[in-house]
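Chemist: need coordinates for the below:
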Amino acid sequence: MRIGELAAAVGVTTRAVRHYHHLGLLPEPERRANGYRHYTLRHAVVLARVRRLTELGLGLAEVRDVLAEDAGRDLSEVLEELDADLARQEAAIRDRRGRLRALLDAGELPAEGPVSPELAALFAETAAHLPDSPMAAKDREILALLETAASPTERERLTLALGDAFSAPDAAARAREAYAMLDALADADPGDPRVGEAARVVARCVPPGMLPETLAESLPGPGLDHEHGFLRALYADFAPAQAEAVRQALRILAEGRE
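Modeler: The predicted structure is shown next:
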């Protein structure tokens, strides 16, 4: 058989046959006087086995182990490893599909999505009560960021803290006041007397368990202003007076932990 006939007989491409030769998976055949490769039935048998193994999901290096006489690994060992790996992938896919289904069943996705179903529900619950302000939009983005970066334990703690905070009777009114005061500082100077009052109002809105532990470790101290990379990026995203209000609010929260 020529290479095209071999490839057609096994159901692969001639390019795959050449690639298997290059990797040593398929032995090179003898060449006839005219220079053409001459494949035998034995080549077709080996090539068919390579195809079956790859279709099971084995990588070409694993196929080489199976085919090599001195590899030290038999087929059952390789297939057991493959089965365990597929089981892990299957569990991961089920988990991803479950999270996707929960997001889709929750209804309209928030603009900051995808976020967890819990945070999406919180955004939906509070959207009707909170103003459509630039600072409110930034706050939702930051909450989505904190949730994404948090560990599962921290994520659960964050969700519970937010849920408890927004379930308070006056939570919506306090949030509206805080956002309005921060929005009003968009073009103000950091020394504006309204900055201090805004900081106090913002601090009263932040639930005690909301700040992630990694951020809490830098509070209080110089990290509050200069050393913590996340805080530097946070302040830089705000107008100067807004950044100063947030900085002072964090300092108030830090002092309250002492």
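
Chemist: where does the stretch 151-258 of the chain dip in pLDDT?
Modeler: Scanning the stretch 151-258 of the chain for pLDDT under 70 picks out 208-228, 256-258.

Chemist: same check on the stretch 1-150 of the chain?
Modeler: Using pLDDT under 70, the stretch 1-150 of the chain drops low at 69-73, 106-113, 125-131.

Chemist: strands of that one, residue ranges please.
Modeler: 30-31, 37-38 (DSSP state E, counting those that start in this stretch).

Chemist: those: which one's closest to A186?
Modeler: With Cβ to Cβ, the closest approach to A186 among the strands of the stretch 1-150 of the chain belongs to strand 37-38: 74.5 Å. Where C-beta positions appear, they are placed from N, C-alpha and C, glycine not excepted.

Chemist: partner strands of the closest one and their direction?
Modeler: strand 30-31 (antiparallel) (DSSP bridges).

Chemist: contacts made by the partner strand with the rest, please.
Modeler: Strand 30-31 is contacted from outside by R37, H38, using Cβ atoms under 8 Å, 6 or more residues apart in numbering.

Chemist: same question for stretch 178-190.
Modeler: With Cβ under 8 Å, 6+ apart, stretch 178-190 has contacts from 130-131, 133-136, 139, 192, 194-195, 197-198, 201-202, 204-205, 239-246.

Chemist: can you flag the buried ones in the residues you listed?
Modeler: 130, 133, 135-136, 139, 192, 195, 198, 201-202, 205, 239-246 (16 or more other Cβ atoms under 10 Å).

Chemist: report how many residues lie close to A203.
Modeler: 20 (other Cβ atoms under 10 Å).

Chemist: again, but for N34
Modeler: 6.

Chemist: that one and R2, how far apart?
Modeler: 11 Å (Cβ to Cβ, to the nearest Å).

Chemist: next one: V115
Modeler: 58 Å.

Chemist: these two: which has the busier surroundings?
Modeler: Between V115 and R2, counted using other Cβ under 10 Å, the more crowded position is V115 (21 against 14).

Chemist: wait, that one sits on L146?
Modeler: No: with contact defined as Cβ atoms under 8 Å, V115 does not count as touching L146 (10.4 Å).

Chemist: domain assignment for this protein?
Modeler: Listed domain ranges for the chain are 3-72, 74-105, 109-256 (source: automatic domain parsing).

Chemist: residues contacting the spatially most central residue of the chain?
Modeler: Residue closest to the average C-alpha location in the chain (Cα atoms, centre = their mean): T148, at 6.8 Å. Counting by Cβ under 8 Å, 6+ apart, T148 makes contact with V115.
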